[in-house]
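Student: What follows is a predicted protein model with its sequence.
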Amino acid sequence: MSRPLLDETVLKLIDAKLALNGHVTSKDIYRHLGLGRQKVSKVFQDYLSANPDSMIYVPAKRKYIATSSFKPCFLGEVKAGEFVDALTIVFGTFNN
């Protein structure tokens with residue numbers, strides 16, 4: 001998978017997890033895509049740059065929580081659950 005396509009996929013996954021669960025963790029990204037910690041950290045920062053008021057990090061819970069002003073900005077017309085299901089079909093689920 002090309003780097004821009006992978007980055008776009010991760011950004012969409014963050015949107016989907018926030019929409020479905022109200023939160024997202026680095027482990028969610030590792031589990032779905034098997035990416036390294038450094039890469040995931042960078043993509044979270046990219047997400048926050050593009051959508052700064054969408055989520056906040058809660059260190060005690062080690063997760064990003066959707067804010068009341070959260071709106072998915074990368075998913076477009078794709079439904080969050082369908083996107084996550086498609087990733088699971090394509091990539092499987094990682095247990096790292």
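Tutor: Cool, got the structure.
Student: Looking at per-residue confidence, what score does L13 get?
Tutor: Here, the pLDDT recorded for L13 equals 93.
Student: That one touches F83, doesn't it?
Tutor: Yes: at 7.2 Å, L13 and F83 qualify as touching, with contact defined as Cβ atoms under 8 Å. (C-beta placed from N, C-alpha, C; glycine too.)
Student: For L6, see how far away L35 is.
Tutor: 8 Å (Cβ to Cβ, to the nearest Å).
Student: ok, the two, which is more surrounded?
Tutor: Legend: neighbour count by other Cβ atoms under 10 Å for L35 and L6, higher for L35 (20 against 14).
Student: Put the alpha carbons of stretch 71-78 into CSV.
Tutor: Only the C-alpha atoms of stretch 71-78 are listed here, as CSV (Å, rounded to 0.1, in the frame of the first residue of the first chain):
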residue,chain,number,x,y,z
LYS,A,71,-17.6,15.4,13.0
PRO,A,72,-15.9,12.9,10.8
CYS,A,73,-13.9,14.8,8.2
PHE,A,74,-12.2,11.9,6.3
LEU,A,75,-14.9,9.3,6.0
GLY,A,76,-17.0,11.2,3.5
GLU,A,77,-20.1,9.2,2.7
VAL,A,78,-18.8,5.9,4.0
